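Colleague: prediction below, plus the sequence it came from.
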Amino acid sequence: MPKIWEKHGIRQAGFFTTLIGESNQEVTYFLAWESLAERERKWTAFVSDPEWITARNTSEADGPIVANMASQFTGPGGLLHGE
């Protein structure tokens, strides 16, 4: 887990790379949140952290390294089906 996530109390629940699919360059992180309010507070603190901004800008000096980023919120399947 990235140290800067630890700094902000962001908990990684899983980290995966795509083996078969449209792109083997795809990375998926699962992050654990107690609530949407916690997610908003901690993620906002992370993305506005000067240490993160400097690290991101340095890594992207020759161009962006992320082509696309998406956020999804998931839960147990039974919740969607009234189980």
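Modeller: Received, thanks.

Colleague: quick check, central residue of the chain?
Modeller: For the chain, the residue nearest the mean C-alpha position is Y29 (5.4 Å; Cα atoms, centre = their mean).

Colleague: can you tell me the SS state at it?
Modeller: Under DSSP: H, G, I helix; E, B strand; the rest coil, the three-state class of Y29 is strand.

Colleague: same question, the one 5 residues further on
Modeller: Three states are possible here, and by three-state DSSP the one that applies to E34 is coil.

Colleague: next up, the contacts around the residue nearest to the centre of the chain.
Modeller: Y29 makes contacts with 12, 14-16, as judged by Cβ atoms under 8 Å, 6 or more residues apart in numbering. For every residue, glycine as well, the C-beta is placed using N, CA and C.

Colleague: tell me the pLDDT at it?
Modeller: Listed pLDDT for Y29 reads 90.

Colleague: coming back round to it: may I ask which of the contacts of Y29 has the most neighbours?
Modeller: Neighbour counts for those peak at Q12, which has 13 neighbours (criterion: other Cβ atoms under 10 Å).

Colleague: contacting residues for the nearest residue to that one once chain neighbours are set aside?
Modeller: Excluding its sequence neighbours, the residue lying closest to Q12 (Cβ to Cβ, 6 or more residues apart in numbering) is M1, at 4.4 Å. Applying Cβ under 8 Å, 6+ apart to M1 gives the contacts 10, 12, 15.

Colleague: cool, thanks, talk later.
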